[in-house]
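Visitor: 3D model of this:
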Amino acid sequence: MTENRKLLGKLIVIAVVMFGFAYALNPFYRQICEALGLNVLTQKDGTVERPVNTQVDASRSVTIEFDGNAQGPWRFRPTQASMTVHPGELNTVTYEVVNTQQREMNAQAIPSYAPQNATPYFMKVECFCFRQQTLKPNEARQMPVVFYIDPKLPRDVKTITLSYTFFEVGGGLVKTAAN
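Guide: Residues are numbered from 1 along each chain as shown. This next block holds a predicted model:
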């Protein structure tokens with residue numbers, strides 16, 4: 001009987017440690033990615049206001065290529081492959097996502113940019129990546145990204161790729177009406 005209680009105590013400690021590790025994993029992952037510069041959601045995301053005196057630089061054009069990757073049971077893609085913009089000009093691109101599951105799911109999109117030195121010049125005013133998305137079973141949604149390219153972008157950068165990875169948050173723990 002005493003051995004069973006000791007074993008139960010050890011199992012409870014192990015379960016608590018595992019829960020604590022799982023709880024701390026997400027913030028830890030974000031800190032590692034931020035430190036290494038991978039899939040960084042810059043602090044400017046969500047708080048960027050378009051400067052009042054921004055002038056459009058019509059003397060040059062930048063090609064923006066769009067990419068979408070789904071990690072999980074989604075169909076996720078941009079509605080157009082690319083666009084040509086002038087630095088300082090406000091632009092909108094739309095991404096489409098379809099939840100192919102028979103259950104409600106929470107998801108998040110993480111952006112990345114290429115070349116990486118263009119990241120500080122890609123200014124998003126509004127983006128679905130600023131918050132988690134909840135999609136109902138088989139729901140399709142059009143999600144806009146409103147952005148501009150800072151005119152201070154180095155002149156040697158002619159093409160920028162904006163890529164999103166869309167993944168499930170919570171690992172299917174979202175409750176549905178059937179649960």
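Visitor: for the residue most central in space within the chain, name its beta-bridge partners.
Guide: The geometric centre of the chain, computed from its C-alpha atoms, lies nearest to Ile110 (Cα atoms, centre = their mean), at 1.9 Å. Beta-bridge partners of Ile110, counted by DSSP bridges, are Thr165.
Visitor: surely it touches Tyr164?
Guide: Yes - here Ile110 reaches Tyr164: they are 6.8 Å apart, a contact under Cβ atoms under 8 Å. Bear in mind the C-beta positions are built from the backbone N, C-alpha and C, glycine included.
Visitor: find residues that contact each of these two.
Guide: Overlap of the contact sets of Ile110 and Tyr164 (by Cβ atoms under 8 Å, 6 or more residues apart in numbering) consists of Cys129.
Visitor: now the strands: where do they sit in the chain?
Guide: Listed in chain order, the strands of the chain (DSSP state E) span 62-71, 74-78, 82-85, 91-99, 105-114, 122-127, 133-135, 140-149, 159-168.
Visitor: in the last one, what counts as buried?
Guide: Same thing as strand 159-168. Buried residues in strand 159-168, defined by neighbour count with 16 or more other Cβ atoms under 10 Å: Ile160, Leu162, Ser163, Tyr164, Thr165, Phe166, Glu168.
Visitor: thank you, goodbye.
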